[in-house]
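# Pasted the sequence and its predicted model underneath.
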Amino acid sequence: MKRLQTFLFVVYFCLIMIVLGGTTFAVMVEYPNWFANVPESLEATRDYYKVLHPGYFFQIFGPLSMLAGIGFVIVGWRIASARNYVLICLAIFVGIEALTFLYIYPRLGIMLGPDSSSQSIDALRVAAEQFTIADRIRTALSLIADAFAVAAVFPFFRYRYSGE
């Protein structure tokens, strides 16, 4: 059982850190380019992402990290201190997903969707500003969630190697 707990915890932790890395990259490198000169920069972004876009990365690694976290919570239920940190992290990520689906995706649709070329420049700029504010909230929540994931490392490995 300890091997399964360790496997799921390590997978969960690694995936959470991968998502944080992707988020950091997007915030620091991609998004400034998207909004550098609306609407021209959005047109260049649409032209660039013909095959894949950043959403594919997050739509794979986000749910995988949550599934690994849920798996750990189930098999590691007895490790209360680590489990509780993971539960807090998962709850924050549920909030992040809700923010993404309910607020951020509609703005992305306005800026980069199939009908985006018919949007007014003001509508594109407003959507870009709203996206930026929501994404800053999402990034801050991700940092907080990752802090809880890091906090879970210590009690987990203390339990894992305590000999219980």
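That came through fine. Residues are numbered from 1 along each chain as shown.

# show me where this structure has helices.
Under the criterion DSSP state H, the chain contains helices at 2-25, 31-34, 40-48, 54-75, 80-99, 105-112, 121-160.

# got the ones you listed as JSON lines, with mean pLDDT and mean neighbour count columns?
In this view, the C-beta of every residue, glycine as well, is placed from N, C-alpha and C. Formatted as JSON lines, the helices of the chain follow (pLDDT from 0 to 100; neighbours: other C-beta atoms under 10 Å):
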{"stretch": "helix 2-25", "mean pLDDT": "95", "mean neighbour count": "18"}
{"stretch": "helix 31-34", "mean pLDDT": "92", "mean neighbour count": "16"}
{"stretch": "helix 40-48", "mean pLDDT": "91", "mean neighbour count": "15"}
{"stretch": "helix 54-75", "mean pLDDT": "94", "mean neighbour count": "17"}
{"stretch": "helix 80-99", "mean pLDDT": "96", "mean neighbour count": "18"}
{"stretch": "helix 105-112", "mean pLDDT": "94", "mean neighbour count": "18"}
{"stretch": "helix 121-160", "mean pLDDT": "95", "mean neighbour count": "17"}
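
# shouldn't Val38 be in contact with Ile121?
Yes - at 6.9 Å, Val38 and Ile121 qualify as touching, with contact defined as C-beta atoms under 8 Å.

# Name the nearest residue to Asp115, ignoring sequence neighbours.
Gly109 (7.8 Å; C-beta to C-beta, 6 or more residues apart in numbering).

# what separates that neighbour from Ala127, distance-wise?
9 Å (C-beta to C-beta, to the nearest Å).

# Equivalent analysis for Ala151, please.
Counting by C-beta to C-beta, the gap from Ala151 to Ala127 is 36 Å.

# Ok, Ile92 next?
Distance from Ile92 to Ala127, by C-beta to C-beta: 25 Å.

# Also Trp34?
11 Å.

# Now for these two: what residues contact both?
Contact criterion C-beta atoms under 8 Å, 6 or more residues apart in numbering; residues shared by Trp34 and Ala127: Met111.

# what residues are up against the residue nearest to Ala26 when sequence neighbours are not counted?
Using C-beta to C-beta, 6+ apart and skipping the chain neighbours, the partner closest in space to Ala26 is Pro54 (5.5 Å). Contact partners of Pro54, counting by C-beta under 8 Å, 6+ apart, are Gly22, Ala26, Glu30.
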